[in-house]
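A.B. asks: Structure for this input, please:
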Amino acid sequence: MISVQQSVYMNLYILALADGRVDMREADFLSRFAFAAHISEAQQREWQALVQSQQLQFVPVASNGGVAEALALFARMVRVDDEFVSQEQEAYLLMGKALGYSDEELGNALRTYWNEDPSFDMSAIFAPDNAPAPNGQPRILVISDDQSDLERLERSANQCSVVYCHLAEAGAHIQDAHVVLFQAADDPKASLARLEQLKRIFTDVPVAFIARRDQAAQIGYLLESGADKCFVKPLFQNELNKAMHDLLQTQES
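C.D. replies: This is a model prediction of the structure:
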């Protein structure tokens with residue numbers, strides 16, 4: 001069975017080739033993904049030749065844990081050159097449906113990433129699963145009020161111990177947390193109140209939050225008001241794991 005990295009790379013290359021050529025921006029996207037996923041130039045050439053010789057339309061993603069990340073990368077690839085021609089549309093729909101997504105979900109993914117800066121940092125996508133954990137396994141206390149997509153959150157924190165509680169019960173969990181994580185509310189005042197309450201309870205613990213991309217103004221306000229870290233949806237596999245390590249190292253130094 002091929003790796004998640006190989007299957008995602010080959011699918012990205014198929015998308016780049018959909019209109020008959022790979023332009024400079026698509027090539028750069030492929031190179032940055034390869035660097036983040038530790039794929040050598042020799043492997044890239046081998047996999048590109050395999051796609052071309054077999055005229056592949058889709059390569060199954062080898063792990064359910066990589067499916068959400070694959071869709072996010074596919075949506076980013078088709079917009080990287082600021083064009084979405086019919087051949088790319090057909091390839092994107094075929095791949096998305098092969099991953100198990102509906103037309104609506106595929107459209108939502110495109111809308112999420114279309115206006116994103118194509119030069120985003122890919123380093124967290126395939127962070128090593130065995131990243132060292134300071135003081136043993138980090139514990140993330142997740143304030144479960146308003147949280148959604150807990151399966152993705154747990155994949156992103158796969159080297160951490162995740163504990164859930166409601167905001168009203170947070171004071172009883174001081175010993176359970178190396179880091180506290182909450183979801184930004186639609187109402188900025190509610191988010192600020194939640195941050196202030198958590199900072200009062202967890203005086204020596206970093207408090208981070210998850211937000212949507214359309215909450216950009218609120219993100220800046222919360223960070224200015226004392227939040228230690230922001231995570232923007234969708235969370236990538238291992239993203240929380242890597243960030244927890246960095247946050248705790250910063251706190252100890």
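A.B. asks: thought residue 116 was touching residue 76?
C.D. replies: Yes - counting by Cβ atoms under 8 Å, residue 116 does reach residue 76; the two are 6.9 Å apart. In this view, the C-beta of every residue, glycine as well, is placed from N, C-alpha and C.
A.B. asks: more neighbours, these two?
C.D. replies: Neighbours were counted for residue 116 and for residue 76 using other Cβ atoms under 10 Å; residue 76 has more, 22 against 15.
A.B. asks: quick check, the more buried one in a helix?
C.D. replies: Yes - counting by DSSP: H, G, I helix; E, B strand; the rest coil, residue 76 is part of a helix.
A.B. asks: So what are the structural domains in the protein, by residue number?
C.D. replies: 4-113, 139-252 (automatic domain parsing).
A.B. asks: Reformat the ones you listed as TSV; add mean pLDDT.
C.D. replies: Below are the domains of the chain laid out as TSV (pLDDT from 0 to 100):
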stretch	mean pLDDT
domain 4-113	85
domain 139-252	84
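A.B. asks: what do residue 116 and residue 76 both touch?
C.D. replies: Common contact partners of residue 116 and residue 76 (Cβ atoms under 8 Å, 6 or more residues apart in numbering): none.
A.B. asks: Quick check: which element contains residue 142?
C.D. replies: In the assignment (DSSP states H and E), residue 142 maps to strand 139-143.
A.B. asks: Just checking the distance from that strand to the centre of its chain.
C.D. replies: Its chain's C-alpha centre and that of strand 139-143 lie 18 Å apart, by Cα atoms, centre = their mean, to the nearest Å.
A.B. asks: what's the answer for stretch 32-46, then?
C.D. replies: 20 Å.
A.B. asks: ends of that stretch, how far apart?
C.D. replies: 17 Å (Cα to Cα, to the nearest Å).
A.B. asks: ok, now stretch 210-230?
C.D. replies: 6 Å.
A.B. asks: Please point out which parts of that stretch sit buried.
C.D. replies: Buried residues in stretch 210-230, counting neighbours by 16 or more other Cβ atoms under 10 Å, are found at 210, 211, 215, 218, 219, 221, 222, 227, 228, 229, 230.
A.B. asks: shouldn't residue 177 be in contact with residue 162?
C.D. replies: No - between residue 177 and residue 162 there is no contact under Cβ under 8 Å: 10.5 Å.
A.B. asks: Now list whatever residues contact both of the two.
C.D. replies: Shared contacts of residue 177 and residue 162 (Cβ under 8 Å, 6+ apart): 139, 140.
A.B. asks: Tell me which of those two has more neighbours.
C.D. replies: residue 177 (24 against 17).
A.B. asks: Against residue 241, how distant is that one?
C.D. replies: Distance of residue 177 to residue 241, given as Cβ to Cβ, to the nearest Å: 16 Å.
A.B. asks: Now the residue in the chain sticking out farthest from the centre: phi and psi?
C.D. replies: Relative to the centre of the chain, and counting by Cα atoms, centre = their mean, the farthest-placed residue is residue 53 at 31.9 Å. Taking degrees, to the nearest 10, you get phi -70, psi -30 for the backbone angles of residue 53.
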